[in-house]
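**Student:** Okay, structure incoming, though there's no sequence with it:
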């Protein structure tokens with residue numbers, strides 16, 4: 001899946017991100033995968049990277065894995081996403097902490113995190129940006 005996405009696809013909201021990721025098969029993975037979408041200044045796809053694949057109930061992610069591809073690919077911003085194999089896209093406390101940590105790192109690097117989208121089978125999703133969790 002990684003690197004096979006057609007560059008230039010535009011994302012206008014979390015639903016379009018979710019639809020893209022579901023179409024790519026990420027919602028049906030049996031383990032959590034942490035995905036980074038590298039974007040241009042007009043929110044068009046540069047590349048799709050899988051930064052981490054975790055265990056059945058979680059994924060470990062570090063800012064260096066997330067931003068390595070973003071820096072190398074000259075991304076203007078990124079969308080981060082991961083799947084919840086459980087079927088419930090509701091964020092955990094760990095998801096909230098990771099989101100804050102990655103947003104802070106993005107601010108420091110000048111590569112903003114536009115959203116963090118959690119996807120689940122059957123097309124359900126959660127968007128941090130569209131929720132009260134985006135502070």
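**Tutor:** Received the coordinates, thanks. As the structure is a prediction and not an experimental result, all values here were calculated from the model. Numbers count the residues shown, from 1 in each chain.

**Student:** Residue 39 is in contact with residue 75, isn't it?
**Tutor:** Yes. The pair residue 39 and residue 75 passes the contact test of Cβ atoms under 8 Å, sitting 5.9 Å apart. All C-beta spots, glycine's among them, are computed from the backbone N, C-alpha and C.

**Student:** For the two, list the residues in contact with both.
**Tutor:** residue 46 (Cβ atoms under 8 Å, 6 or more residues apart in numbering).

**Student:** Which parts of the chain are strands?
**Tutor:** Taking DSSP state E as the test, the strands found in the chain are 33-39, 45-53, 77-83, 113-119, 125-127.

**Student:** any residues touching the fourth one, and which ones?
**Tutor:** To tie it back to what came earlier, the one meant is strand 113-119. 14, 17-18, 21-22, 26-27, 39, 43, 77-84, 89-91, 95, 98-99, 102-103, 106, 125-130, 134.

**Student:** In PyMOL, how would I select just the buried ones from those residues?
**Tutor:** Here is the PyMOL selection string for the buried members of those, based on 16 or more other Cβ atoms under 10 Å:
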select buried, resi 14+17+18+21+22+26+27+39+43+77+78+79+80+81+82+83+84+89+91+95+98+99+102+103+106+125+126+127+128+129
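
**Student:** Could you pull up the contacting residues of residue 73?
**Tutor:** 38, 46, 47.

**Student:** one more time with 10 Å, if that's ok
**Tutor:** 36, 38, 39, 46, 47, 49, 111 (Cβ atoms under 10 Å, 6 or more residues apart in numbering).

**Student:** For residue 84, which residues are in contact?
**Tutor:** Residue 84 touches 27, 29, 32, 57-58, 90-92, 95, 118-121, 124-126, counting by Cβ under 10 Å, 6+ apart.

**Student:** quick one: which of the residues you listed is nearest residue 9?
**Tutor:** Nearest to residue 9 among these is residue 119, at 16.2 Å by Cβ to Cβ.

**Student:** what about that closest one, how many neighbours?
**Tutor:** Residue 119 has 29 neighbours, counted by other Cβ atoms under 10 Å.

**Student:** Test of understanding: give the bridge partners of it.
**Tutor:** Per DSSP bridges, the residues bridged to residue 119 are residue 83, residue 125.
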